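*Asks:* Any chance you can model this:
(chains A and B)
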There are 2 protein chains.
Amino acid sequence: MEDIVYFGDTARVPYGVKSVDTIGQFTAQITDFLLQQDVKMLIVACNTMAAVAAEVVRQRAGDIPVLDVIEAGARAAVAEAPGGRIGVIGTPTTVNSNAYARRIHALDPTVRVYSHACSLFVPLVEEGWLDHEVTRLTAQEYLRPVLAEEVDGLVLGCTHYPLLKPLLRDVVGPGVKLIDSASTTADFAAASLQAAGLAHVSELPARYRYVVTDVPLRFQTIGERFLGRSLGKVEKVDW
Amino acid sequence: MEDIVYFGDTARVPYGVKSVDTIGQFTAQITDFLLQQDVKMLIVACNTMAAVAAEVVRQRAGDIPVLDVIEAGARAAVAEAPGGRIGVIGTPTTVNSNAYARRIHALDPTVRVYSHACSLFVPLVEEGWLDHEVTRLTAQEYLRPVLAEEVDGLVLGCTHYPLLKPLLRDVVGPGVKLIDSASTTADFAAASLQAAGLAHVSELPARYRYVVTDVPLRFQTIGERFLGRSLGKVEKVDW
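*Replies:* Residues are numbered from 1 along each chain as shown, chains lettered A, B, ... in the order given. Below you'll find the predicted structure:
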C-alpha cells in the first residue's frame, strides 16, 4: 500500500480551456509543492496538464520518476486496438495539443486517431447530471463525428469522463471499447514502482493527504462521487 | 465618453462555483491592481464577486466610488415589479449568498424573490451553444421551479446570461420580463458619475484597456461575441 499526497488546484480549475502558458506556470508551482513533500514518484493525473506541461514536471523532478495519464492511456489504446482506429475525447486544450495522437503514434504508427473536444462534459459531471437527457444529447452531438469514423476504441481523455461511462457506453454502442486512462495509470504506477524497487512493502493501511487551493461549495459531494468513499480531512493552501 | 480599464481574471475563472474565501482573496488582488491604474470609479461587473466580495472592494477603495451589478440589478427588479414576484438566476455562489434577495428587500420588503442556480449556463455560453436544443432543455429544467412561482420578472444574475436572452425569452414566455443587470449598471454608472461631478466631458473617443490573466484558446471568439465588435489589443499580467 502506497501513501498518497493528492494535490487539487480547485481555486483555478478547470484547466481544459486555458492556455498552454498559464497551465505551465500553474504546473511548475504545483510540482515544486509536491517535491517539497518528499515524494518518490510524481503522477500527472490531469490529462490537460499531461498534454501540455508534462515536460515542465519532468524538468523540475530531476531523478524522481514521472508518470502521466496520457502515456498510460496511449499504451492502453494501442493494446486494445493494434493497427486499428482510436477515438480520443478530452478538453479543448488536450485535444488541440494533439498529445494523444503523438504518444499513440510513437507506440504504433499504423493506428488512426480521431479526436474531439468535449468542453461541456466537465461541467455536466460537476453538476451531477451523469444520467440526464441533456448529457445524452450533448454526448451524441460530440461523438457523432468520431463514431462516423468507425473507431474500435474511445479513450476517455479527461479524469472526469469515467463518471459518464454508463451513458457513453449507451451512446457509442457495443462495438466500441471505452479506454479509461485512470485505472491504466494506477496499474502502470504499481508496475513502475515494482520495477524500480521503490514499492512500499508495509502491510499498514495507506495514508492519504488531500491538498487543495480552494474548498468550494460542492467539494465534498463531488470528491466523494469520484472516490466512491468518504474524503476525510482536506488541507487548503493559499496561493 | 469614459476611458475604461477592464480586468478579466481568465486564468482563474469561473468564480461561480468557488468559495467565498477564495473569491475574496482574488478580489483583493484585482482591486489593488485597478487602484494602481488611477481609476476614478470601480465597477464590480461580475455578479459572483458582487454577491460575496463587494465589501472587499469597498474597504480597499476608500473614497473612490464602487458600483456593483447586484445593486443595479436589484434596483431594476424593484422598478420592474414593485411589490411583485421576482425570479433570480445566477451561479451557485451568487444564489447561495442570497445577495439579490437582501438587496431587493432593502429597497422593497414586499417583493417575493425566488432564486435558482444555473451552473451550466456559463459553460454553454462559452461553448457558443446560444440557440441549441441542449441549452433549451437545460433552461427548461433550471427555470421550471422559478416559473412555477409565477414570477413577473427574471433577473439575469450573471454577466454571461444576456447572451442567452433570445432562448430564455422563449422558455419563460411573454408574461415574464427579463432583467439584465449589465445595461442597468452602465446607466447607473453614467448617472453616478454625473451626480458626483466626475463625468468626462471630452468629445475624444474613449480609450479601452483590456487586461487579463490568461489568453485562452477561444478568448478572441468569446470576447468578441460579448462585445459585438473587435477586441483590439489585450494585455496579460502574470500572477
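*Asks:* Alpha carbons of the helix or strand of chain A with the lowest mean pLDDT, in PDB - could you do that?
*Replies:* When the helices and strands of chain A are compared on mean pLDDT, DSSP states H and E, helix A:219-227 comes out lowest with a mean of 82. What follows is helix A:219-227, C-alpha atoms only, in PDB (Å, rounded to 0.1, in the frame of the first residue of the first chain):
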ATOM      1  CA  PHE A 219     -16.300  19.900  -3.000                       C
ATOM      2  CA  GLN A 220     -17.200  17.100  -0.600                       C
ATOM      3  CA  THR A 221     -20.100  15.900  -2.800                       C
ATOM      4  CA  ILE A 222     -18.000  15.900  -6.000                       C
ATOM      5  CA  GLY A 223     -14.900  14.500  -4.400                       C
ATOM      6  CA  GLU A 224     -16.800  11.600  -2.800                       C
ATOM      7  CA  ARG A 225     -18.600  10.900  -6.100                       C
ATOM      8  CA  PHE A 226     -15.200  10.400  -7.700                       C
ATOM      9  CA  LEU A 227     -13.700   8.400  -4.900                       C
END
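*Asks:* partners of the next helix or strand after it, with directions?
*Replies:* Next in sequence after helix A:219-227, counting helices and strands by DSSP states H and E, comes strand A:234-236. Counting by DSSP bridges, the strands paired with strand A:234-236 are strand A:208-212 (parallel).
*Asks:* the inter-axis angle of the partner strand versus helix A:219-227?
*Replies:* Angle of strand A:208-212 versus helix A:219-227, following axes from the mean of the first three to the mean of the last three C-alpha atoms, to 10 degrees, is 130 degrees.
*Asks:* pLDDT on strand A:208-212, on average?
*Replies:* Average pLDDT, strand A:208-212: 93.
*Asks:* If you count neighbours, what's buried in it?
*Replies:* For strand A:208-212, burial by neighbour count (16 or more other C-beta atoms under 10 Å in any protein chain shown) applies to A:Y210, A:V211, A:V212. For glycine as for every other residue, the C-beta is placed from the backbone atoms N, C-alpha and C.
*Asks:* Surely the last one is in contact with A:W239?
*Replies:* No - with contact defined as C-beta atoms under 8 Å, A:V212 does not reach A:W239; the gap is 10.9 Å.
*Asks:* what do these two both touch?
*Replies:* Residues touching both A:V212 and A:W239 by C-beta atoms under 8 Å, 6 or more residues apart in numbering or on different chains: A:A11.
*Asks:* Okay, buried residues for the longest helix anywhere in chain A please.
*Replies:* When chain A is parsed with DSSP state H, its longest helix is helix A:20-36. For helix A:20-36, burial by neighbour count (16+ other C-beta under 10 Å) applies to A:V20, A:D21, A:T22, A:I23, A:G24, A:Q25, A:F26, A:T27, A:I30, A:T31, A:F33, A:L34.
*Asks:* Mind picking the one among these that's closest to chain B?
*Replies:* Closest approach between those and chain B, by C-beta to the nearest C-beta: A:T22, at 4.2 Å.
*Asks:* What distance do you get for the nearest residue to that closest one once chain neighbours are set aside to A:C118?
*Replies:* Among residues not flanking A:T22 along the chain, B:D214 sits closest, at 4.2 Å (C-beta to C-beta, 6 or more residues apart in numbering or on different chains). Distance, B:D214 to A:C118, by C-beta to C-beta, to the nearest Å: 21 Å.
*Asks:* Then A:H160?
*Replies:* 10 Å.
*Asks:* thinking again about what came up before, between B:D214 and A:C118, tell me which one has more neighbours.
*Replies:* Here B:D214 and A:C118 are compared on neighbour count by other C-beta atoms under 10 Å in any protein chain shown; more neighbours surround A:C118, at 29 against 25.
*Asks:* Quick check, that one in contact with A:G90.
*Replies:* Yes - here A:C118 reaches A:G90: they are 7.1 Å apart, a contact under C-beta under 8 Å.
*Asks:* list residues touching both of those two?
*Replies:* The overlap between the contact sets of A:C118 and A:G90 (C-beta under 8 Å, 6+ apart) consists of A:C158.
*Asks:* What residues does chain A have near chain B?
*Replies:* Counting by C-beta under 8 Å from any C-beta of the partner chain, the positions of chain A adjacent to chain B are A:10-12, A:17-19, A:21-22, A:25-26, A:92-93, A:96, A:119-120, A:122-124, A:126-127, A:133-134, A:137-138, A:141, A:213-218, A:238.
*Asks:* show me what contacts the closest residue to A:Y161 other than its chain neighbours?
*Replies:* Of all residues not flanking A:Y161 in the chain, A:F121 sits nearest, at 5.9 Å (C-beta to C-beta, 6+ apart). A:F121 is in contact with A:I89, A:T135, A:T138, A:A139, A:Y142, A:C158, A:H160, A:Y161, A:L164, counting by C-beta under 8 Å, 6+ apart.
*Asks:* neighbours around the last one, how many?
*Replies:* Burial measure for A:L164: 25 neighbouring residues, criterion other C-beta under 10 Å.
*Asks:* and the gap between it and B:K236?
*Replies:* From A:L164 over to B:K236 (counting by C-beta to C-beta), the distance is 34 Å.
*Asks:* Let's see which of the contacts of A:F121 end up in helices.
*Replies:* Mapping these onto helices (DSSP H) picks out A:T135, A:T138, A:A139, A:Y142.
*Asks:* helices or strands up against the longest helix of chain A?
*Replies:* Judged by 3 or more C-beta pairs under 8 Å, 6 or more residues apart in numbering or on different chains; DSSP states H and E, helix A:20-36 is in contact with strand A:4-8, strand A:42-44, helix A:47-61, helix A:92-97.
*Asks:* Throw the contacts of A:F121 into TSV and include pLDDT, thanks.
*Replies:* Rendered in TSV, the data for the contacts of A:F121 read as follows (pLDDT from 0 to 100):
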residue	pLDDT
A:I89	98
A:T135	98
A:T138	98
A:A139	98
A:Y142	98
A:C158	96
A:H160	94
A:Y161	96
A:L164	97
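*Asks:* Give the ranges of residues in chain A that sit below the confidence cut-off.
*Replies:* Along chain A, no part satisfies pLDDT under 70.
*Asks:* How is it partitioned into domains?
*Replies:* A:4-68+A:183-236, A:70-181 (automatic domain parsing).
*Asks:* which one of these is the most hemmed in?
*Replies:* Neighbour counts (mean count of other C-beta atoms under 10 Å in any protein chain shown) averaged over each of these peak at domain A:70-181, with a mean of 20.
*Asks:* Do me a favour and get the end-to-end distance for it?
*Replies:* End-to-end distance for domain A:70-181, by C-alpha to C-alpha, to the nearest Å: 7 Å.
*Asks:* ok, back up a step: could you dump the buried residues of helix A:20-36 to CSV with distance to B:G228?
*Replies:* Below are the buried residues of helix A:20-36 laid out as CSV (distance: C-beta to C-beta, whole Å):
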residue, distance to B:G228
A:V20, 29
A:D21, 28
A:T22, 27
A:I23, 30
A:G24, 33
A:Q25, 32
A:F26, 32
A:T27, 35
A:I30, 38
A:T31, 41
A:F33, 42
A:L34, 44
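*Asks:* and A:T213, what does it touch?
*Replies:* A:G8, A:D9, A:T10, A:A11, A:R12, A:K236, A:V237, A:D238, A:W239, B:T22.
*Asks:* These: which two are farthest apart?
*Replies:* A:G8 and A:D238 (14.3 Å; C-beta to C-beta).
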